[in-house]
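K.L.:
Let me see the structure of the following:
(one chain, ligands or ions: 1)
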Amino acid sequence: MESKEKHEELLLRDTVVRVDLSAIAENMRLIAEMCGPDVAIMPVIKANGYGHGAVGIAPTLMEAGATYLAVATLTEALELREAYPDYPLFILGHTPDRLAELVVKNNITQTLVSLAQARALSAAAVKANATVKVHLKVDTGFHRLGIYDEEELYQMTQLPGLEVEGIFSHLALTNEEEDWKQYNLFTDMIARLEARGCSFRYQHIADSISLVDYPDFRMNMVRPGALVFGLRGFHVGYLPVKQCISFESRISQIHEIKAGEGVGYDYLWRAPKDTRIGTMPFGYADGYPRNMRDKGYVTIHGVKCPVLGVICMDQCVVDLSEVPQAKEGDVGIIYGNGENNTMSIEEASKLAGSNKNEIVARILARPPRVYDK
Ligand SMILES: *Cc1c(COP(=O)(O)O)cnc(C)c1O
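P.N.:
Next comes the predicted model:
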């Protein structure tokens, strides 16, 4: 496609994050099919859409039937609101009371974690002569956000300017027994509030792992993050979601160095023999883990090229010994789907001593995103 080539030519950097939108759409379809028509889907696209670029992927998710787009913070919600005046947006995290006005003004659905917060948001809504949608957060054991106090939760439903549209909790995913304990505490609290006349259109507790592993926990809304991006964490169930991201760069310069010469800060790698090396323009300020030193590799022409010496802020150096045909400008895959000798997100997480979500979430905004349909 000519326009695509033109777009790539105009990219302002050689290090890019390539996102497969059709894979995201297909993952959403698989999730919807698994959950059935009575379960609303609220994809979680915090941390810049797990590194995929929240603004870039949002339309694909909405077209795939998302009920809400969820983020962690007000800043993330405002970025999406500016791009999409009409999308339903949900903040999973706490928003400080002093910013309540912005939540109201931007028509964002807010998580409520306490009566004091509910009062502040209610006051801001009343002042603006508006109604703000909220979901109550019930703490069933995670002890991160929310409360487990029937009276306080009930009071939160009685305030002017607030439309209590939902109620939710979050699992610690400790083990099956603890997960069921949390789920039962959650449904007990809903029943107690309903007995007092409250009603909640959306009731939700399941993230990616639990929506696949525990069909009972899907209730009438699910909040998948990792799963939307094809990052698999489930153990009991199965869903053939596919990874949607590829992190790529290009060789900026090639050097031939002599045996004994060092590479990079402190010469932490020294050439055991005459070696052809390539400089790549990505580093830890792009979100590549600095502790990939001695473990990481970039795939060039289908060959694993080890990273040599320390990873710098903006650059690193790879060994081209096994790819004599490599030349400046050639593509190197930093993270791929695992095929063709590329490093999958899963492998990267193991090498870096991290988890898959962190590996993608830490890819910073600096590399441009390229969206393939
Ligand atoms: C991040 C988050 C999710 C999504 O988590 P995944 O494990 O990526 O599916 C769901 N709910 C809450 C409250 C979250 O913070």
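
K.L.:
Show the pLDDT at the residue nearest the centre of the chain.
P.N.:
Nearest to the mean C-alpha position of the chain, counting by C-alpha atoms, centre = their mean, stands Tyr50 at 2.2 Å. For Tyr50, the pLDDT comes out at 98.

K.L.:
ok, it - contacts?
P.N.:
Residues in contact with Tyr50 (C-beta atoms under 8 Å, 6 or more residues apart in numbering) are Gly225, Ala226, Val228, Phe229, Leu231, Asn357, Val360, Ala361. No exception for glycine: its C-beta is placed from N, CA and C like everyone else's.

K.L.:
Let me see the confidence value for the first one.
P.N.:
Read that as Gly225. pLDDT at Gly225 comes out at 98.

K.L.:
Now for it, how many residues are close by?
P.N.:
Burial of Gly225 is recorded as 23 neighbouring residues (other C-beta atoms under 10 Å).

K.L.:
about what we covered before: just curious, which of the contacts of Tyr50 is nearest to Leu320?
P.N.:
Val360 (27.1 Å; C-beta to C-beta).

K.L.:
Show me what the helix or strand hosting Ala124 packs onto, helices and strands only.
P.N.:
For Ala124, the host element (DSSP states H and E) is helix 115-127. When contacts are defined as 3 or more C-beta pairs under 8 Å, 6 or more residues apart in numbering; DSSP states H and E, helix 115-127 sits against helix 100-105, strand 109-112, strand 132-137, helix 150-156, strand 162-168.

K.L.:
remind me, longest helix of this structure?
P.N.:
What stands out as the longest helix in the chain, according to DSSP state H, is helix 176-195.

K.L.:
between that one and strand 162-168, how big is the angle?
P.N.:
If you take axes from the mean of the first three to the mean of the last three C-alpha atoms, to 10 degrees, helix 176-195 sits at 150 degrees to strand 162-168.

K.L.:
Can you give the strand pairings for the helix or strand just after helix 176-195, parallel or anti for each?
P.N.:
Going down the chain from helix 176-195, the next helix or strand is strand 202-206, by DSSP H and E. Strand 202-206 pairs in its sheet with strand 162-168 (parallel), strand 221-222 (parallel), by DSSP bridges.

K.L.:
Figure out how far strand 202-206 is from the centre of its chain.
P.N.:
19 Å (C-alpha atoms, centre = their mean, to the nearest Å).

K.L.:
Wait, a helix at Ala23?
P.N.:
Yes: counting by DSSP: H, G, I helix; E, B strand; the rest coil, Ala23 falls inside a helix.

K.L.:
List the contacts of the residue in the chain that the ligand sits nearest to.
P.N.:
The ligand sits closest to Gly225 of the chain, with a gap of 2.6 Å, by C-beta to the nearest ligand atom. If a contact means C-beta under 8 Å, 6+ apart, then Gly225 has Pro43, Val44, Ile45, Lys46, Tyr50, Asp207, Ser208, Asn357 as its contacts.
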